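Asks: One predicted model, sequence on top.
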Amino acid sequence: DTIEEIARAKAGVLQKGSLAVSANQRSEAALVLREVAEAQGASLHFFSPTQITKTHLLWKERERPRLQFTFTGGMLSGDYEARLIGRHQLQNFGTALTALEALLLPDSRVAGSLFSAAQFPSPKSIQESVHSAVAEAYLPGRLEMLSFNPMVFIDGAHNQQAAKMLVENLDALSACAPGTGKEHVLLFGMHDGKLSREEQEAFFAAFDAVYRIPVQDEGDDAVIEAMGKAMDAAYGAHPHALFVAAGSLYLLDGAAHWVEKHSSKTDERRKNQ
């Protein structure tokens, strides 16, 4: 029931004598992790947000938005560009890069089990591989752009923290030319108990229009059908908006079906012109 108790339960993953890497934590959680690591004789490294600088969201017409940032650490220091966008991804990438640097030190047990001294890759080849991996990393349904015209994003935001982050990320997208001045229209469906009524109202207030889709006790086909009808209504009323389908992951497939169907209709009209 407390941050400390949760942290102590999560810290059970720490093995004796292991190398451990953590994202930056609240002070009460970090203290517990340090205590457990010391008791286990584990080497614990924390990613620090100060290691990520020069963050920028790059979004060009008819392209996916890209996240740019600079990582300052060891051999993986440098400028990066990622397909995964959103402010929360900075912590994820920073933690992953911190872990890679710790794991790939030539004298680490992990590196020693992967490569002999003669086979150990050059720093340049490691840097190139990691830059490529960051650029290609992909997580479906997490602030993912399905279509540029109409502008449709999906995000599996199904708790208060994720909902707040989604609003912040949409504000960042609106600061880029393709999204500037567009209405924000939410297609929302969520299982009971995930967000309180007050939390939902605060979330909805960030949008120009909200369309509700029932998902509680509904089958996949029913959700896809309801999502299609909601998207038809939303697009008819707000044809130039930025649409985002968010909430339960069950909802996101319905948005993808609608985009595919809409694209097919558009292509057919062009052929007949």
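Replies: Looks like it came in fine. Numbers count the residues shown, from 1 in each chain.
Asks: quick one, phi/psi of the nearest residue to Gly181 once chain neighbours are set aside?
Replies: Nearest residue to Gly181, sequence neighbours excluded (CB to CB, 6 or more residues apart in numbering): Ser174, at 7.9 Å. The C-beta positions use only the backbone N, C-alpha and C, and glycine is treated the same way. Backbone torsions of Ser174, given as degrees, to the nearest 10, read phi -70, psi -20.
Asks: Ser174: neighbour count?
Replies: 14 (other CB atoms under 10 Å).
Asks: got a list of what it touches?
Replies: By CB atoms under 8 Å, 6 or more residues apart in numbering, the residues touching Ser174 are 180-182, 184, 242.
Asks: now that we have those residues, which one has the most neighbours?
Replies: Leu242 (23 neighbours).
Asks: Any chance of the backbone angles for that one?
Replies: phi -100, psi 110.
Asks: Who is it paired with across the strands?
Replies: In this structure, Leu242 bridges to Met151, His184 when assessed by DSSP bridges.
Asks: Just give me the residue right at the centre of the chain.
Replies: By CA atoms, centre = their mean, the chain has its centre lying nearest to Arg142, at 4.6 Å.
Asks: ok, now how distant is that residue from Glu101?
Replies: 25 Å (CB to CB, to the nearest Å).
Asks: Point out where the protein drops to low pLDDT.
Replies: Scanning the chain for pLDDT under 70 picks out 105-120.
Asks: one more time with 90
Replies: 18-19, 75, 86-88, 101-126, 139-140, 156-161, 190-197, 215-220, 247-252, 263-273 (pLDDT under 90).
Asks: quick check: longest helix of it.
Replies: helix 249-272 (DSSP state H).
Asks: just how off-centre is that helix within its chain?
Replies: 24 Å (CA atoms, centre = their mean, to the nearest Å).
Asks: Could you do stretch 195-204 as well?
Replies: 21 Å.
Asks: Ok, stretch 238-257 next?
Replies: For stretch 238-257, the distance to the chain centre is 16 Å (CA atoms, centre = their mean).
Asks: Contacts for stretch 232-246 next, please.
Replies: Outside stretch 232-246, the residues touching it (CB under 8 Å, 6+ apart) are 150-157, 163, 166, 170, 173-174, 179, 182-188, 208-209, 211, 227, 231, 251-252, 254-255, 258, 262.
Asks: Buried ones among these?
Replies: 150-157, 163, 166, 170, 173, 179, 182, 184-188, 209, 211, 227, 231, 251-252, 254-255, 258, 262 (16 or more other CB atoms under 10 Å).
Asks: Which parts of the stretch 101-250 of the chain are helices?
Replies: Using DSSP state H, counting those that start in this stretch, the helices assigned to the stretch 101-250 of the chain run over residues 109-114, 123-136, 160-174, 197-204, 220-237, 249-272.
Asks: By neighbour count, which bits of the last one are buried? Give me those.
Replies: Of the residues in helix 249-272, 250-259, 262 count as buried by neighbour count, 16+ other CB under 10 Å.
Asks: Number of residues surrounding the nearest residue in space to Leu187 that is not next to it in sequence?
Replies: Spatially, and ignoring its direct neighbours in sequence, Leu187 is nearest to Ala245 (4.2 Å; CB to CB, 6+ apart). Here the number of neighbours of Ala245 (other CB under 10 Å) works out to 31.
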